[in-house]
Structure formats: C-alpha cells, structure tokens
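Peer 1: need a structure here:
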Amino acid sequence: MITEADSRMVIDRKLREACWDIEDKTQVATEETAADGRADYVLLDARGRPLTVVEAKRLPPASGLTTRSCSYGQEFASGSFSLRLAASA
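Peer 2: Residues are numbered from 1 along each chain as shown. I've put the predicted structure just below:
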C-alpha cells in the first residue's frame, strides 16, 4: 500500500523538479483550510492567489484515483471549491 507520506515524498520531488520551492510559503502553501477539509498543497501565483490544489492520498494496491480526489479537482476547476488561505506573518 502507498501511504499518504509516500505520496507526499513523490509530490515534493515532482514539485522541486518543476522548479517550485516547497519551503517558500509564497509559492506553495501546505495544509490550508478548505470548505470541506484541508488542502495538502496549494500552488500560488506571484500575487499569492491559488493556482491549483494538490492532494496527497494513500492508495491501496491496484487502485485508481479516489472519488473524493476527483471531486476536489472538479470543484476547483468549476470555481466552486472554497479555499480560505491563512494570512502569513
């Protein structure tokens, strides 16, 4: 089984490969409050606006995307995904 921690290691590596600085909270916000839970990663534009949400999920062997993962993407793409970003100090 792939754990959520395993997924995060892959996501972290892929974000770095794509030139995202995951330690820079002006580029990548983590564990941000969303309307129905928390977003694992939120990629931000230069003005701090959310570009996309990335969710890390644990997956049992031979499984595909979870229904909830797909609906997060659909909600965000349609503009109905509510994301409240915490103000950074």
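
Peer 1: Quickly note the distance from Arg47 to Cys19.
Peer 2: Plainly put, Arg47 is 18 Å away from Cys19 if you go by C-beta to C-beta, to the nearest Å. Just so you know, the C-beta spots here come from the backbone N, C-alpha and C atoms, and that holds for glycine as well.

Peer 1: no, scratch that, I was asking about Ile2
Peer 2: Distance, Ile2 to Cys19, by C-beta to C-beta: 25 Å.

Peer 1: Looking at the two, which is more packed in?
Peer 2: Taking other C-beta atoms under 10 Å, Ile2 and Cys19 do not tie; Ile2 has more neighbours (14 against 7).

Peer 1: Identify the residue spatially nearest to the more buried one, adjacent ones excluded.
Peer 2: Spatial nearest neighbour of Ile2, chain neighbours left out: Leu59 (4.7 Å); criterion: C-beta to C-beta, 6 or more residues apart in numbering.

Peer 1: remind me, longest helix of the protein?
Peer 2: Determined from DSSP state H, the single longest helix within the chain is helix 4-17.

Peer 1: can you tell me the average pLDDT over that one?
Peer 2: Averaged over helix 4-17, pLDDT sits at 91.

Peer 1: Next SSE downstream of that helix?
Peer 2: Once helix 4-17 ends, the next helix or strand along the chain (criterion: DSSP states H and E) is strand 28-34.

Peer 1: Now do the buried residues in that next one.
Peer 2: Within strand 28-34, the residues scored as buried using 16 or more other C-beta atoms under 10 Å are 28-29, 32, 34.

Peer 1: tell me the angle it makes with helix 4-17.
Peer 2: 130 degrees (axes from the mean of the first three to the mean of the last three C-alpha atoms, to 10 degrees).

Peer 1: just checking, what packs against strand 28-34?
Peer 2: In terms of contacts (3 or more C-beta pairs under 8 Å, 6 or more residues apart in numbering; DSSP states H and E), strand 28-34 is packed against strand 37-44.
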